[in-house]
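Q: the following block contains a protein sequence and its predicted model.
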Amino acid sequence: MENENTEKIRNKAGLSNSEILSERLNLTLAFSKRFQMSTAVCYLRLYFPLELSQTNDDELEPALSRKIVARLKHVLRDIDTVARINRTDFVLLIADITEHDCQVICERIIRSISATFTIDFHHFSVPSNIGICMYPYGSEEPHELKSIAKAQMYVAEALGENHFSFYNGELNKSAYRKVLIENNLPYALKKGQLFVQYQPQYCLRQRKIVGAEALIRWNHPSLGEIPPAEFIHYADNAGMLNHLFFWVFGEVCQTIANEKNRKLKYSINLSVNQLLLEYLLEEIANILKRYTLSPAQITLEITENVEIYSVKKVNERLHCLKEMGFTIALDDFGNGYFSFSDFIKLPLDFIKLDRDFVISLMKNKQHQSVISPIITMAHNLGMQVVIEGIEDKTQFTEWLLLDCDIIQGYFIGKPISFAELIDSIGEIEERVGAV
């Protein structure tokens with residue numbers, strides 16, 4: 001196993017974790033080739049429990065990670081390697097091993113990590129999944145071995161928590177797509193592959209387009225256009241989510257600053273990650289100043305998450321954003337557990353009903369009576385209600401009768417470029433207004 005002093009020396013020399021792993025992998029494979037031994041390249045992913053982030057203790061996760069690494073080293077041998085890729089992922093190099101023995105070791109690893117950890121009177125269980133590619137049977141190329149092992153990890157993940165999967169010569173296309181997305185994402189912004197589209201929002205009372213939601217998209221050179229649902233999770237794991245938010249915020253500000261007609265309001269998704277940033281308000285203010293833009297033109301959409309908004313500094317930051325002039329929308333309402341008292345505490349201007357919540361209610365006509373009180377409650381609290389996912393004329397007519405405020409969905413318009421949005425406003429208003 002990699003000696004800790006050796007690792008420290010290499011880090012001082014400026015080597016990254018990926019470079020250290022690459023060096024160690026090449027050495028292990030060269031050793032295996034010389035002595036005609038097989039080596040297992042294992043890709044391990046951990047799933048930290050949600051309650052870990054809800055403790056509001058920044059020291060708990062590092063302490064938990066150290067305990068996990070200690071358990072890994074206890075299961076493996078001195079000749080094996082544990083290399084950390086990011087917050088949740090590790091690559092394990094198990095030398096001179098048969099597939100059967102590797103299976104036994106992976107079972108021990110999963111059993112060891114899933115056993116309860118106790119830290120400062122907190123108890124955590126950490127599920128995991130492992131993908132395995134054997135050298136030389138799976139591949140003889142170091143980079144390919146790691147990529148295949150990662151793809152097999154996704155195959156194991158599809159089976160549920162605490163599973164492992166061996167590569168058997170046939171690569172799962174869905175799993176390999178995930179690997180491509182995750183591996184290529186860090187370079188997407190540098191190579192100009194990311195862009196922003198805008199989905200129009202239609203006000204039922206004014207009978208016109210009043211705004212649009214800004215949505216990030218990725219034009220991958222080989223996979224084509226990738227929707228955010230496929231890559232945002234990876235951006236979060238890779239620590240890129242904050243960077244992407246400020247990039248989108250800047251792109252939107254620059255775009256609307258160059259547009260003469262500034263009557264529309266633009267929605268941008270703001271995650272918990274950003275609300276926890278100490279420099280959030282300062283960075284946002286700097287971007288607005290750069291483009292001489294008023295925050296009144298922007299709505300920040302937050303996701304429904306009762307636990308995190310009860311954290312004092314997050315709540316205070318939301319109120320500061322409101323005082324700066326932003327409007328605040330609660331996205332995906334109906335997907336969480338907000339109570340009446342939660343509404344009063346948060347500085348909300350809009351609630352957006354979760355699309356799946358809307359569809360399930362609309363399928364059952366008896367459930368429609370549940371929607372009206374929600375809309376009435378929002379109106380009584382001075383909020384407007386946005387309905388997402390309206391796909392056709394029938395759905396539009398049903399929501400028109402329920403006294404909601406703003407409609408968004410393919411019936412109004414699909415996400416399009418900013419130029420297309422501006423050009424299509426007249427056509428949309430004429431078409432929808434005739435309903």
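A: Sure, I can see it.

Q: CA atoms for contacts and neighbours, from now on please.
A: Noted.

Q: so which strand or helix has Ser65?
A: helix 60-75 (DSSP states H and E).

Q: I figured Tyr291 was touching Thr255, is that so?
A: No: if you go by Cα atoms under 8 Å, Tyr291 and Thr255 don't touch, sitting 9.4 Å apart.

Q: if we can go back for a sec, quick check: next helix or strand after the helix holding Ser65?
A: Assigned by DSSP H and E, the successor of helix 60-75 is strand 81-84.

Q: list the helices and strands that following strand packs on?
A: helix 17-34, helix 60-75, strand 89-95 (3 or more Cα pairs under 8 Å, 6 or more residues apart in numbering; DSSP states H and E).

Q: gap between the closest residue to Asp354 other than its chain neighbours and Val386?
A: Once flanking residues are discounted, Asp354 sits nearest to Asp332: 3.9 Å by Cα to Cα, 6 or more residues apart in numbering. In this view, Asp332 and Val386 are 10 Å apart by Cα to Cα, to the nearest Å.

Q: give the residues shared as contacts by these two.
A: Lys352, Leu353 (Cα atoms under 8 Å, 6 or more residues apart in numbering).

Q: mind putting the helices and strands packed on strand 81-84 in a markdown table, distance to Asn172 and mean pLDDT included?
A: Shown next, in a markdown table, are the helices and strands packed on strand 81-84 (distance: least, Cα to Cα, whole Å; pLDDT from 0 to 100):
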| stretch | distance to Asn172 | mean pLDDT |
| --- | --- | --- |
| helix 17-34 | 24 | 86 |
| helix 60-75 | 28 | 92 |
| strand 89-95 | 20 | 94 |
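
Q: between those, which one is nearest to Gln274?
A: Nearest to Gln274 among the helices and strands packed on strand 81-84 is helix 60-75; the distance by Cα to Cα comes to 18.8 Å.

Q: any idea of the mean pLDDT in stretch 370-380?
A: Stretch 370-380 shows a mean pLDDT of 85.

Q: kindly report the same for stretch 172-190.
A: Rounded mean pLDDT across stretch 172-190 is 88.

Q: list the buried residues of that stretch.
A: By neighbour count on 16 or more other Cα atoms under 10 Å, the buried set for stretch 172-190 is Ala175, Tyr176, Lys178, Val179, Ile181, Glu182, Leu185, Ala188.

Q: now swap in stretch 130-144 and tell me
A: The neighbour-count check on stretch 130-144 (16+ other Cα under 10 Å) flags Ile130, Gly131, Ile132, Cys133, Met134, Tyr135, Pro136, Gly138, Ser139, Pro142 as buried.

Q: export that stretch as CSV, just CAs?
A: Extracted in CSV, the C-alpha atoms of stretch 130-144 (Å, rounded to 0.1, in the frame of the first residue of the first chain):
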residue,chain,number,x,y,z
ILE,A,130,-17.7,-1.2,-6.5
GLY,A,131,-16.9,-1.8,-10.2
ILE,A,132,-14.0,-4.1,-11.0
CYS,A,133,-11.9,-4.6,-14.2
MET,A,134,-9.2,-7.3,-14.1
TYR,A,135,-5.8,-6.9,-15.7
PRO,A,136,-5.0,-8.3,-18.3
TYR,A,137,-8.4,-9.9,-19.1
GLY,A,138,-10.4,-6.8,-19.2
SER,A,139,-7.8,-4.6,-20.7
GLU,A,140,-4.0,-4.0,-20.6
GLU,A,141,-4.3,-0.2,-20.9
PRO,A,142,-4.2,1.7,-17.6
HIS,A,143,-6.6,4.5,-18.5
GLU,A,144,-9.1,2.0,-20.0
